[in-house]
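Student: sequence-free structure coming up:
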């Protein structure tokens, strides 16, 4: 499947926490990254999501926040992935920042050039990619 989302993570559902309206889905990627998504109960049912089922997660780069000196216990977002900056590609206003997580997963974020400068983002710098569970789209083949 091809999409415009810069972040596409294939893996397997490890947990489904059902709710009346929304379900919390935990997906472990092939790189060992754990991603949490919140989707409607109807969507989880129609996709047949259950522990052990292959699935994928999509996250738009514009939904990813980059943070340095991150402490995941002090962030309300469910997904806080620590790593190092692999690359920064500057544009006229925004930059694409690629963060490499432990295990090899890469997460793309679009942030302003001002933020890149203020945070001192450059290849090799420690940083975290943060995104809310509600920003994750879950799919199955």
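Tutor: Yep, that arrived. Since this is a predicted model, take the numbers as computed values, not measurements. Numbers count the residues shown, from 1 in each chain.

Student: isn't residue 22 right next to residue 39, touching?
Tutor: Yes. Applying C-beta atoms under 8 Å as the test, residue 22 and residue 39 come out as touching, 6.7 Å apart. Any C-beta I mention is one placed from the backbone N, CA and C, and that applies to glycine too.

Student: domain ranges for the chain?
Tutor: The chain breaks down by automatic domain parsing into domains covering 7-59+133-139, 61-131.

Student: Roughly how far does the nearest residue to residue 90 once chain neighbours are set aside sit from residue 94?
Tutor: Nearest residue to residue 90 in three dimensions, chain neighbours excluded: residue 113, at 5.8 Å (C-beta to C-beta, 6 or more residues apart in numbering). Distance from residue 113 to residue 94, counting by C-beta to C-beta, to the nearest Å: 7 Å.

Student: if you count what's nearby, which of these two comes out ahead?
Tutor: residue 94 (18 against 14; other C-beta atoms under 10 Å).

Student: measure that one to residue 120 for me?
Tutor: With distances taken as C-beta to C-beta, residue 94 is found 17 Å from residue 120.

Student: Residue 56 now?
Tutor: From residue 56 across to residue 120, the span is 33 Å (C-beta to C-beta).

Student: which one of these two has more residues nearby?
Tutor: The residue with more neighbours, out of residue 56 and residue 120, is residue 56; 20 against 10, by other C-beta under 10 Å.

Student: how about the helices in this structure?
Tutor: Secondary structure of the chain (DSSP state H): helices at 41-47, 113-119.

Student: Redo those helices as CSV? Include distance to residue 30 and mean pLDDT.
Tutor: Shown next, in CSV, are the helices of the chain (distance: least, C-beta to C-beta, whole Å; pLDDT from 0 to 100):
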stretch, distance to residue 30, mean pLDDT
helix 41-47, 19, 97
helix 113-119, 29, 97
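
Student: possible to save the ones you listed as a markdown table with distance to residue 70?
Tutor: Conversion of these to a markdown table gives the following (distance: least, C-beta to C-beta, whole Å):
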| stretch | distance to residue 70 |
| --- | --- |
| helix 41-47 | 29 |
| helix 113-119 | 11 |
